[in-house]
Structures are given as structure tokens and as C-alpha cells.
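K.L.:
predicted model, plus sequence, below.
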Amino acid sequence: MIKKIPFHLAVNIMLILLSAMLVYHLLIIAQVVPFDAIWGGRLTNEEEMYRFEMVSIILNIVILMVIAIKGGYIRRIKPNRTIRVLLWLLVVLYIFNTIGNILSTNILEAAIFTPITLISALLCWRMAIE
């Protein structure tokens, strides 16, 4: 079933989702979006928010680069095997993130980000088997 998703469609959807997530995290740092809508609603102050958001932004940029390399948008600087291993790690990460979103105390976070992280796990799975 997962093979039915065209490879380049999976890459492009992930690049769009990751770009949108970067914008979302920047909106949180700019305090346009309240930080109780992230990290399961468990952050208690702005200092925590800045630390966690910087980790999120860096991680999203790294993931974006891995996907862009796999999709051929960035010249391959790592062996195929390394990229494949990273994609499988992303599948696991997104599955755990999906579980975390389900358990979020913020209803909006659970409703919006649970399907996004589940779709991300499936798309990374599709890219990993290519």
C-alpha cells in the first residue's frame, strides 16, 4: 500500500509540511501563536519555550535537508545508506510524536498535529523504502 504513494509526491509533501512547520515555530517564537499550543501544553514559561523552539527549528532544518537530499534537490553529501537510516529514524520519531500529540493536554494540538505527524511517518516510510 505505501508503495502506491509516488516517491516524489512524498518528498514534495514532506518539504511543504516541514517548511510550514518552520513558519509555525517562528510564529511561536514571535509570540503570534501561544506556546501552550506546543509540546503537549506542558511548557511553563518563555525561557523553556525559546529553548524547546530552537531545538525544534534546528531539528526541522536537519530533517528538511535529509528529505531534500533523498529527493535529489540537494547534492548527495552522505551515502545512500546514511540517508536511509536517517529516514527510518524519522519514521520512529514521527510515530512517537504522533503518540505525544494524542496525549497532548491541548485539544487543538492533538486535533491538528496528530494527523500531520502520522502522515509524516507514512511519507518518511515511503521514502525510506525507495
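P.N.:
It's in. Residues are numbered from 1 along each chain as shown.
K.L.:
show residues contacting whatever helix or strand residue 111 lives in.
P.N.:
Here residue 111 sits within helix 107-128, counting by DSSP states H and E. Helix 107-128 has contacts (CB atoms under 8 Å, 6 or more residues apart in numbering) with 2-3, 5, 7, 10-11, 13-14, 17, 37-38, 40-41, 67, 70-71, 84, 87-88, 90-91, 94-95, 97-98, 101-104. From N, CA and C alone the C-beta is placed, and that goes for glycine too.
K.L.:
helices along the protein, start to end?
P.N.:
Using DSSP state H, the helices of the chain run over 7-29, 46-70, 80-102, 107-128.
K.L.:
got TSV for those helices, with mean neighbour count too?
P.N.:
Putting the helices of the chain into TSV (neighbours: other CB atoms under 10 Å) gives the following:
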stretch	mean neighbour count
helix 7-29	16
helix 46-70	16
helix 80-102	16
helix 107-128	18
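K.L.:
quick check: mean pLDDT of the helix holding residue 111?
P.N.:
The pLDDT scores in helix 107-128 average 94.
K.L.:
can I get that helix in PDB, CA atoms only?
P.N.:
Only the C-alpha atoms of helix 107-128 are listed here, as PDB (Å, rounded to 0.1, in the frame of the first residue of the first chain):
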ATOM      1  CA  ILE A 107      -7.100  19.800  22.200                       C
ATOM      2  CA  LEU A 108      -6.100  21.900  19.200                       C
ATOM      3  CA  GLU A 109      -2.600  20.400  19.100                       C
ATOM      4  CA  ALA A 110      -4.000  16.900  19.300                       C
ATOM      5  CA  ALA A 111      -6.500  17.500  16.600                       C
ATOM      6  CA  ILE A 112      -4.300  19.300  14.100                       C
ATOM      7  CA  PHE A 113      -0.800  17.800  14.700                       C
ATOM      8  CA  THR A 114      -1.800  14.100  15.300                       C
ATOM      9  CA  PRO A 115      -2.800  13.600  11.600                       C
ATOM     10  CA  ILE A 116       0.200  15.700  10.400                       C
ATOM     11  CA  THR A 117       2.800  13.600  12.300                       C
ATOM     12  CA  LEU A 118       1.100  10.300  11.300                       C
ATOM     13  CA  ILE A 119       1.100  11.400   7.600                       C
ATOM     14  CA  SER A 120       4.800  12.400   8.100                       C
ATOM     15  CA  ALA A 121       5.600   9.000   9.400                       C
ATOM     16  CA  LEU A 122       4.000   7.300   6.400                       C
ATOM     17  CA  LEU A 123       5.700   9.600   3.900                       C
ATOM     18  CA  CYS A 124       9.100   9.100   5.500                       C
ATOM     19  CA  TRP A 125       8.400   5.300   5.400                       C
ATOM     20  CA  ARG A 126       7.700   5.700   1.700                       C
ATOM     21  CA  MET A 127      11.000   7.500   1.100                       C
ATOM     22  CA  ALA A 128      13.000   5.000   3.200                       C
END
